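Asks: When you get a sec, could you give me coordinates for this:
(one chain, ligands or ions: 1)
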Amino acid sequence: MLTVTDLEKRYGDTRAVSSLSVTLEAGELTVLVGRSGAGKTTLLRCLDGLEGPDRGTITLDDGPLDSTDVALVFQEGALLERKSALENVLDGGLGREPAWRELLGWHATDAKRQAIERFHAVGLGGYADRRVGDLSGGEKQRVGIARALQQEPRVLLADEPVASLDPETGRTVLELLAEVVREESLVGLVSLHQPTLARPVADRYLGLERGRLVLDAPAGDVDEDRILEVYDDG
Ligand SMILES: Nc1ncnc2c1ncn2[C@@H]1O[C@H](COP(=O)(O)OP(=O)(O)OP(=O)(O)O)[C@@H](O)[C@H]1O
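Replies: Presented below is the predicted three-dimensional model:
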């Protein structure tokens, strides 16, 4: 269980995240919605430890959240296009290997075996040696998810992971995220600009308006109009 209490992050006079408290359960995929500038990325960056909050606490199962427990999937996968899919996934786990291996870019046999298993888990069996630059957007995003899983996180975050994909491909990537969150019992939080795409797989919706949490409800209790209201903060 991930617990955020009274979180605040300011940039100058802008309160990007303001007095935010929320609890997210392991094994659930939560979808984070809100207009551009509402604070979604800032919240994800605070959870990933990329930003230090100005106030508030973040705990995982009652202990302080360690950034090594968190993996973030980026919009374009943030992969190295010239490297193979396998190398990209292995790089995801580097923080877990000894520093000398990290320096030399050598990977343990176990890590390679795990990475190959992850290719199958994300529906890319046989793609390990393919150059990432030659993959489609949806395939890259699957590699991005495999790379995040290679970090063996307890919290899986994704910032607009399907923004550049067509709706059908986006839907299948969201299904994959939901599947790994459930199977590996991760805390899953995904920001999206197409919230209804996630309807079949979302367990919970959070809505942000100018940094404040204005929606926090199980997906079954939230209809489309309620979600769209979050975007209507004129
Ligand atoms: N590094 C920064 N320096 C200054 N202001 C920032 C910085 N990062 C974000 N902000 C501001 O904080 C607010 C929240 O931005 P954030 O990127 O978190 O929103 P968002 O909901 O993720 O938007 P989008 O959907 O467009 O990605 C915005 O007003 C933004 O301009």
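
Asks: which stretch of helix or strand covers T57?
Replies: Applying DSSP states H and E as the criterion places T57 in strand 55-60.

Asks: strand partners of that strand, parallel vs antiparallel please.
Replies: strand 2-11 (antiparallel), strand 63-64 (antiparallel) (DSSP bridges).

Asks: G34 is in contact with K40, correct?
Replies: Yes: counting by CB atoms under 8 Å, K40 touches G34, with 5.4 Å between them. Where you see a C-beta, it was placed from the backbone N, CA and C, and this is true even at glycine.

Asks: joint contacts of those two?
Replies: Common neighbours of K40 and G34 (criterion: CB atoms under 8 Å, 6 or more residues apart in numbering): 191, 208.

Asks: hang on, the earlier thing: of all the strands paired with strand 55-60, which lies closest to N88?
Replies: Judged by CB to CB, the one of the strands paired with strand 55-60 that comes nearest to N88 is strand 2-11, at 26.6 Å.

Asks: For the closest one, the averaged confidence score.
Replies: What strand 2-11 shows for mean pLDDT is 98.

Asks: So that strand, near the ligand or not?
Replies: Yes: Strand 2-11 lies within reach of the ligand by CB under 6 Å from any ligand atom, at Y11.

Asks: low-scoring stretches of this structure, by residue?
Replies: The chain contains residues with pLDDT under 70 at 76-77, 93-108, 233-234.

Asks: Would you mind listing what in it touches the ligand?
Replies: Proximity of the chain to the ligand, by CB under 6 Å from any ligand atom, involves residues 11, 14, 16, 34, 36-42.
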